[in-house]
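Q: okay, structure incoming, though there's no sequence with it:
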């Protein structure tokens, strides 16, 4: 890779301006990760689609050259992404084994069976949102009171995690995936999260039930190599983080987009497009994940004319690919819920592609669809309480959203 590497800001921020500049140079860019670690990001839609399914690209940390050579310190803020034992760092048969242990929970049929429960939880949360607004000045932070507790409650219910742990799990998972933490804070957050998940697993082991954690514990205890003890914790960590952060950001970003584009909201309320269309366009236009770590070429890999050296830690640039004009047309920067590209080969990649395609995609889509339909059905005149540009961005460059969503409710 040639040219001056782009230095990623550990504090994050809105990625779209930088993405546009990088895409203007090409589909692949060299980057400097926190700690002055050399890496790369694949930004273009077609290049990313090829990269995500390429047979010479791996997820296992043994392929990360600097890590394998001992040059990545324990407190590196992105280390957990590389070293956690689970589906996101497994390849081949190991990946298929781990995925098979949880895959049945996230099939389209099983997710459809969850819909009545999710509709009930959504309605109850909106009751609370309405009360909070009425008791105050009419405004409420929709992110913390609605967009967060919905997916967090659902994934914890599926896992059999007690409600008392949810706030701490959200806080710790946010610190673990943040890119702006110092070494001591990163290690402390990781240790506490692993300990908390260990305690959750131990509690479930004493009273197994009809939940996913119990099923994973049974797989661990059966022997035969189906699930190791570290893989159990790694799988729980993945399911909790991915099971709520993506949907949290998706709902937040969709509400922001609709408030900023009232003409698009009118298309939905008039019945011309569906709430599912809104979800897909939000995933494309403002992906809930911006740069996701890591994949590693197992040989020097040429992608769209650019060579990525073997062992380079590569980020998947989902937010950039979603606005790639080569794939989505000259108006790719425009939020348009009628966009026909939703049903073409240029469909977004925001939930992944290839063997590591997001296992929870059906659940995330359904949760967001139900959430938006009920939210705007209950509060059709909802509006942002502050300008969108004044909202603080979520810290770090992995997740893409705002840290708050203050809205004014008008029933």
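A: Yep, that arrived. These numbers come from a predicted model, not from an experiment.
Q: pull the contacting residues for residue 99.
A: Counting by C-beta atoms under 8 Å, 6 or more residues apart in numbering, residue 99 touches 87, 359. C-beta: built from backbone N, CA, C; applies to glycine.
Q: surely it is within a helix?
A: Yes - residue state for residue 99 (DSSP: H, G, I helix; E, B strand; the rest coil) corresponds to a helix.
Q: next, the buried residues of the helix or strand that contains residue 114.
A: According to DSSP states H and E, residue 114 maps onto helix 108-135. By neighbour count on 16 or more other C-beta atoms under 10 Å, the buried set for helix 108-135 is 111, 114, 118, 121, 122, 125, 126, 129, 132, 133.
Q: ok, so of those residues, who is nearest residue 309?
A: Nearest to residue 309 among the buried residues of helix 108-135: residue 111, at 40.2 Å, using C-beta to C-beta.
Q: which stretch of helix or strand covers the closest residue to that closest one other than its chain neighbours?
A: Sequence neighbours aside, residue 362 is the residue nearest to residue 111 in space, at 4.3 Å (criterion: C-beta to C-beta, 6 or more residues apart in numbering). Counting by DSSP H and E, the element that carries residue 362 is helix 361-378.
Q: in that helix, what counts as buried?
A: 361-376, 378.
Q: now for it, which elements pack on it?
A: Where contact means 3 or more C-beta pairs under 8 Å, 6 or more residues apart in numbering; DSSP states H and E, helix 361-378 is packed against helix 108-135, helix 149-159, helix 229-260, helix 262-269, helix 275-285.
Q: now those as TSV including distance to residue 174 and mean pLDDT?
A: Shown next, in TSV, are the helices and strands packed on helix 361-378 (distance: least, C-beta to C-beta, whole Å; pLDDT from 0 to 100):
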stretch	distance to residue 174	mean pLDDT
helix 108-135	20	94
helix 149-159	11	95
helix 229-260	8	95
helix 262-269	30	94
helix 275-285	21	96
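Q: quick one: closest of the ones you listed to residue 55.
A: Of all those, it is helix 229-260 that lies closest to residue 55, at 23.4 Å by C-beta to C-beta.
Q: dump the helices and strands packed on helix 361-378 into a markdown table; add distance to residue 402 as well.
A: Shown next, in a markdown table, are the helices and strands packed on helix 361-378 (distance: least, C-beta to C-beta, whole Å):
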| stretch | distance to residue 402 |
| --- | --- |
| helix 108-135 | 17 |
| helix 149-159 | 16 |
| helix 229-260 | 6 |
| helix 262-269 | 19 |
| helix 275-285 | 13 |
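Q: quick check: which of those is nearest to residue 405?
A: Going by C-beta to C-beta, the one of these nearest residue 405 is helix 229-260, 5.2 Å.
Q: gap between the closest one and the chain center?
A: Distance of helix 229-260 from the chain centroid (C-alpha atoms, centre = their mean, to the nearest Å) equals 5 Å.
Q: give the buried residues for that helix.
A: If you call a residue buried by 16+ other C-beta under 10 Å, then helix 229-260 has these buried ones: 231-259.
Q: in the protein, what helix or strand scores lowest on average pLDDT?
A: Sorting the helices and strands of the chain by mean pLDDT, DSSP states H and E puts helix 212-222 at the bottom, at a mean of 90.
Q: would you agree residue 327 is in contact with residue 321?
A: Yes - with contacts counted by C-beta atoms under 8 Å, residue 327 reaches residue 321, the gap being 7.3 Å.
Q: find the nearest non-adjacent residue to the residue nearest to the spatial centre of the chain, please.
A: Nearest to the mean C-alpha position of the chain, by C-alpha atoms, centre = their mean, lies residue 246 at 3.5 Å. Residue nearest to residue 246 in three dimensions, not counting chain neighbours: residue 288, with 5.0 Å by C-beta to C-beta, 6+ apart.
Q: and the helix or strand hosting residue 171, average pLDDT?
A: Assessed by DSSP H and E, residue 171 sits inside helix 166-177. The pLDDT scores in helix 166-177 average 92.
Q: now residue 374, nearest residue through space, not along the chain?
A: That would be residue 122: by C-beta to C-beta, 6+ apart, it lies 4.9 Å from residue 374.
Q: that neighbour: what's it in contact with?
A: Contacts of residue 122 (C-beta under 8 Å, 6+ apart): 150, 370, 371, 374.
Q: please identify which of these is nearest to residue 14.
A: Nearest to residue 14 among the contacts of residue 122, counting by C-beta to C-beta, is residue 371 at 22.7 Å.
Q: how close does that closest one get to residue 355?
A: Distance, residue 371 to residue 355, by C-beta to C-beta, to the nearest Å: 29 Å.
Q: and for residue 104?
A: 17 Å.
Q: more neighbours: those two, which one.
A: residue 355 (14 against 11; other C-beta atoms under 10 Å).
Q: now for the helix or strand residue 82 falls within, which elements pack on it?
A: Per DSSP H and E, residue 82 falls inside helix 79-83. Packing partners of helix 79-83 (3+ C-beta pairs under 8 Å, 6+ apart): helix 65-68, helix 166-177, helix 183-206, strand 291-297.
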